[in-house]
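Engineer: need a structure here:
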Amino acid sequence: MLLKEYRICMPLTVEEYRVGQLYTISKHSHEESDKGEGVEVVRNEPHLDPVHGEGQITEKRVHLSSKLPSWARALVPRIFYITEKAWNYYPYTITEYTCSFLPKFSIHIETKYEDNCGSSENIFGQEKSGCDLEVDFLDIAHDKIPERHYESSEDLRCFSSTKTGRGPLKEDWKETSQPIMCSYKLVGVKFEVWGLQTRVEQFVHKVIRDILLVGHRQAFAWVDEWYDMSMDEVRQYERETQEATNEKVGLVTPAIAVHEVPRAPATRSAPASTPSTPVNGDPPDFLAVPRERPRKKSAPETLTLPELQGLSAHK
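Structural biologist: Predicted structure coming up:
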């Protein structure tokens, strides 16, 4: 597993971002969905954890079949999706991603939010090991994003919020902005396939970094849309948008039901590490290591993987 910590500062307070996060995820998921493709909300309901207290558990399926390159579409199942499970105990969240046909692939993200500029060290209490954990500071205004994701209205070097008076974000904005908060994300990517593990895990981290940048840029660029919302109002917006998104994707199943779930006598805590993918069976033959032929000395020079659309970068 390749483990990295990302720190993303925002010109907001942690309490303000709580509303902005829910609004941004819902709006982005709806915009990126289309018939047969996009984000299907399987469940969204209250969850009680013995350690973290009251929270919300959300399960989604991100359908990506048409996003694959042509050669990959010929090899993978027609119905291909990524499962996202999120436990939200704000200001602490856990998010996990698994793949419907790659049982050896998973992503585990722990997030903590604090009202500072990314100055908290070892916020996740990681034990010291032989090599230090790589920490990557992301600048939502000045770091480059993929050209296909660029929107002039979301360019924070130029954007100014009407309702808050914050922005544009100049080069020294993290030192001069008030308020300021930081989203700390501990991200582990695991792809246990010999010959591809290192390259795939590095590539997925690059994709995740881009998604985190785009998602947090949007959360501030859309601040005037959500800033006056209460938590009740944004939860209502979330429910309505998720139902509309499920309909847009073309699902027949009911959208979201919020209800009491019977709990076992001993309530289990949300997982502290990445689980195995809930898919049985061996990986496809094209990912297996040939047994009769000599192994290649190195992995392929390039990789083409689908972008993990809908990754809750902002989870």
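Engineer: Excluding residues flanking it in the chain, which one is nearest residue 40?
Structural biologist: residue 61 (4.4 Å; C-beta to C-beta, 6 or more residues apart in numbering). (C-beta placed from N, C-alpha, C; glycine too.)
Engineer: Adjacent strands (with direction) for the helix or strand encompassing that neighbour?
Structural biologist: According to DSSP states H and E, residue 61 maps onto strand 53-63. Strand 53-63 has the following sheet partners, assigned by DSSP bridges: strand 38-49 (antiparallel), strand 81-89 (antiparallel).
Engineer: and among those strands, the most buried is which?
Structural biologist: Burial of those is given as mean neighbour count (mean count of other C-beta atoms under 10 Å); strand 81-89 ranks first at a mean of 21.
Engineer: elements contacting the very next helix or strand once past that one?
Structural biologist: Note on strand 81-89: by DSSP H and E, the next helix or strand toward the C-terminus is strand 92-99. With contacts taken as 3 or more C-beta pairs under 8 Å, 6 or more residues apart in numbering; DSSP states H and E, strand 92-99 sits against strand 81-89, strand 105-114.
Engineer: for strand 92-99, what is the average pLDDT?
Structural biologist: Averaging pLDDT along strand 92-99 yields 95.
Engineer: re the thing from before, quick check: the residue nearest to residue 40 touching residue 82?
Structural biologist: Yes. Under the criterion of C-beta atoms under 8 Å, residue 61 makes contact with residue 82 at 7.2 Å.
Engineer: Look up phi and psi at residue 134.
Structural biologist: The phi/psi pair for residue 134 (degrees, to the nearest 10) reads phi -70, psi 130.
Engineer: Now do the contacts for it.
Structural biologist: Counting by C-beta atoms under 8 Å, 6 or more residues apart in numbering, residue 134 touches 3, 4, 5.
Engineer: In TSV: those residues, plus neighbour count.
Structural biologist: Formatted as TSV, the contacts of residue 134 follow (neighbours: other C-beta atoms under 10 Å):
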residue	neighbour count
3	16
4	18
5	18
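Engineer: Serialize those to a markdown table and add fields for secondary structure.
Structural biologist: Shown next, in a markdown table, are those (DSSP: H, G, I helix; E, B strand; the rest coil):
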| residue | secondary structure |
| --- | --- |
| 3 | strand |
| 4 | strand |
| 5 | strand |
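Engineer: what's the closest of those to residue 209?
Structural biologist: residue 4 (8.6 Å; C-beta to C-beta).
Engineer: mind checking pLDDT for the residue lying closest to that closest one once chain neighbours are set aside?
Structural biologist: Distances taken as C-beta to C-beta, 6+ apart place residue 134 nearest to residue 4, at 4.9 Å, with adjacent residues excluded. pLDDT for residue 134: 93.
Engineer: The residue nearest to residue 119 when sequence neighbours are not counted sits in which helix or strand?
Structural biologist: Spatial nearest neighbour of residue 119, excluding adjacent residues (C-beta to C-beta, 6+ apart): residue 182 at 7.9 Å. Element membership for residue 182, per DSSP H and E: strand 181-191.
Engineer: Show me what that strand packs onto, helices and strands only.
Structural biologist: Counting by 3+ C-beta pairs under 8 Å, 6+ apart, strand 181-191 packs on strand 2-10, helix 14-31, strand 105-114, helix 197-221.
Engineer: now the stretch 51-200 of the chain, which segments are flagged as low pLDDT?
Structural biologist: The stretch 51-200 of the chain contains residues with pLDDT under 70 at 64-80, 128-131.
Engineer: Kindly export the strand holding residue 61 (C-alpha atoms) in CSV.
Structural biologist: Extracted in CSV, the C-alpha atoms of strand 53-63 (Å, rounded to 0.1, in the frame of the first residue of the first chain):
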residue,chain,number,x,y,z
GLY,A,53,-20.6,9.1,18.3
GLU,A,54,-23.5,10.1,16.0
GLY,A,55,-22.8,10.3,12.3
GLN,A,56,-24.0,9.5,8.8
ILE,A,57,-23.2,6.5,6.6
THR,A,58,-23.4,6.8,2.9
GLU,A,59,-22.9,4.1,0.2
LYS,A,60,-22.6,5.0,-3.5
ARG,A,61,-21.8,3.3,-6.7
VAL,A,62,-19.8,5.2,-9.3
HIS,A,63,-20.6,3.7,-12.7
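Engineer: so how far is it from its chain's centroid?
Structural biologist: Its chain's C-alpha centre and that of strand 53-63 lie 12 Å apart, by C-alpha atoms, centre = their mean, to the nearest Å.
Engineer: Report the angle between it and strand 92-99.
Structural biologist: Using axes from the mean of the first three to the mean of the last three C-alpha atoms, to 10 degrees, the inter-axis angle of strand 53-63 relative to strand 92-99 is 30 degrees.
Engineer: Now do the buried residues in strand 53-63.
Structural biologist: Within strand 53-63, the residues scored as buried using 16 or more other C-beta atoms under 10 Å are 55, 56, 57, 58, 60, 61, 62, 63.
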